[in-house]
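Chemist: coords please:
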Amino acid sequence: MTDGEGGKPVYSITVTDAFAASHALRLANGEVEPLHGHNWEVAVTVATVDLDRMQAVMDFHDLQAVLGEILRPWRNAHLNECVPFKDSGVNPTAERVVWHIGTCLAEALPEGVAVESVSTTEAPGCTATYRPAASFS
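Modeler: The predicted model follows:
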């Protein structure tokens, strides 16, 4: 894979984590579905065109620590009562879960490293992925 401008390669790394949490989605007709829980499996991939001084995208442990901090408030929690879902009108769908993780992750990454994708599997065979529009310059 290249960045499309000058043909520089794009390097990426992926880490995974998991958390257990419940949610109750507001359905399109305005009703709220029954409260239920999931074991959310999360994978984040970050990328760069310029490796760091260690010749890596970034340290895997650092990325795991950042992801762990993002997920910490949601562990064994009811997502409807957590940021960014509580009192905001943001429905705690799998799509919004990965959006929030990706947004928070982007703010915490070293300069030159960008979020390539964030995925979560809330149930077997059910995966949502967020891919922000990012440029590697």
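
Chemist: immediately after the top helix by length along the chain, which helix or strand?
Modeler: When the chain is parsed with DSSP state H, its longest helix is helix 94-108. Next in sequence after helix 94-108, counting helices and strands by DSSP states H and E, comes strand 114-123.

Chemist: who are the packing partners of that next one?
Modeler: Contact partners of strand 114-123 among helices and strands, from 3 or more C-beta pairs under 8 Å, 6 or more residues apart in numbering; DSSP states H and E: strand 36-48, helix 94-108, strand 126-130. C-betas here are computed from N, CA, C, even on glycine.

Chemist: Ala77 is nearest to which of these?
Modeler: Closest approach to Ala77 among the helices and strands packed on strand 114-123 is made by strand 36-48 (10.0 Å; C-beta to C-beta).

Chemist: what pairs with that closest one, parallel or antiparallel?
Modeler: If you go by DSSP bridges, strand 36-48 pairs up with strand 11-23 (antiparallel), strand 114-123 (antiparallel).
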